[in-house]
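In: Let's see this in three dimensions:
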Amino acid sequence: MRTITRLSPAEFETCVKELAALLADAVDGGFSLGFVMPFDIEDAAAWWRAQAPAVAAGELIVWACREDGAVVGTVGLVPSPKANSRHRGEIIKLIVHREARNRGHARALLATAEREASAAGLDLLMLDTETGSAAEHVYLTCGWTRFGSVPDYAGSPDGTLRECSFFYKRLTATA
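Out: Below is the predicted model:
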C-alpha cells in the first residue's frame, strides 16, 4: 500500500538514511540529478543533511512515498523566494527507487506536489529533466508543457553531457 506524506523538519531528519538510499540508487542507475560518480550513500546522505536548514525554513518541501512502510520515492518543491515570483515554484528531485518503478509512484508524488503547491497559492511550477529520459515521459503524460531544451546542459553521473528539457505547468486555469 502506498502512502505519501509531507516530511516535517523532524521527520526529514529521521528519513535522511532512506532518502540517501533513493538518491544513491538513482545516481548509480545513471539518472542525471546533479551528481557525478563516484557517488555513494554517504555522499547522498551528506547532500540530504545539507538540505535540513531549507526544510526547517520552509524553503524546501519534501514528500516521501512509502510502500509497505519503506521509503521508495520522494519529490521536492522549492517555492520561489523572490518578491516578484512568489506565485511559482520548482519541482526538484523526483526520485523512485529502481525496484519500485512502474507502479505509479512518480505520478502520485508529482500530483501530491502539484496539489499542495496549488493549496499554498502557487499557480506556476517549473522543472528540468534530461531530454529523452523516463522522467521526461512522466512529465509529458502528466500535463506538463515542454518549452525548450538546451544541449549539453548537465552531465550524467558518468560525466557525459546531456541535453536537458525545461517544463512548466499552470495549476490554475487563469493565472
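In: can you list the weak-confidence ranges in this structure?
Out: 173-175 (pLDDT under 70).
In: Pull the residues that contact stretch 36-46.
Out: The contact list for stretch 36-46, computed with CB atoms under 8 Å, 6 or more residues apart in numbering, reads 16-17, 19-24, 27-28, 35, 155-159. Just so you know, the C-beta spots here come from the backbone N, C-alpha and C atoms, and that holds for glycine as well.
In: Go again with 6 Å.
Out: Around stretch 36-46, the neighbours that count as contacts under CB atoms under 6 Å, 6 or more residues apart in numbering are 16, 20, 23, 24, 27, 155, 157, 159.
In: Quick one: end-to-end distance for that stretch.
Out: 14 Å (CA to CA, to the nearest Å).
In: So which bits of that stretch are buried?
Out: Buried residues in stretch 36-46, counted by 16 or more other CB atoms under 10 Å: 39, 41, 43, 44, 45.
In: With respect to residue 142, which of those is nearest?
Out: residue 44 (25.8 Å; CB to CB).
In: quick one: what helix or strand has that closest one in it?
Out: Residue 44 is part of helix 41-50 when elements are defined by DSSP states H and E.
In: Tell me how far that helix lies from the chain's centre.
Out: Distance of helix 41-50 from the chain centroid (CA atoms, centre = their mean, to the nearest Å) equals 15 Å.
In: Show the subsequent helix or strand relative to it.
Out: With elements assigned by DSSP H and E, the helix or strand that comes after helix 41-50 is helix 52-57.
In: From the rest of the structure, what touches that next one?
Out: Against helix 52-57 from outside (CB under 6 Å, 6+ apart): 9, 12, 60.
In: Relative to residue 160, how far out is the second one?
Out: So that's residue 12. According to CB to CB, to the nearest Å, residue 12 and residue 160 sit 32 Å apart.
In: again, but for the first one
Out: In this view, residue 9 and residue 160 are 36 Å apart by CB to CB.
In: buried sites along the lengthiest helix in the chain?
Out: Ranked by residue count, the top helix of the chain under DSSP state H comes out as helix 9-28. Across helix 9-28, burial judged by 16+ other CB under 10 Å covers 12, 15-16, 18-27.
In: before we move on, the earlier item: closest to residue 95 out of the contacts of stretch 36-46?
Out: Lowest distance from residue 95 to these (CB to CB) belongs to residue 23, with 6.4 Å.
In: Spatially nearest residue to the closest one (excluding sequence neighbours)?
Out: Spatial nearest neighbour of residue 23, chain neighbours left out: residue 44 (4.0 Å); criterion: CB to CB, 6 or more residues apart in numbering.
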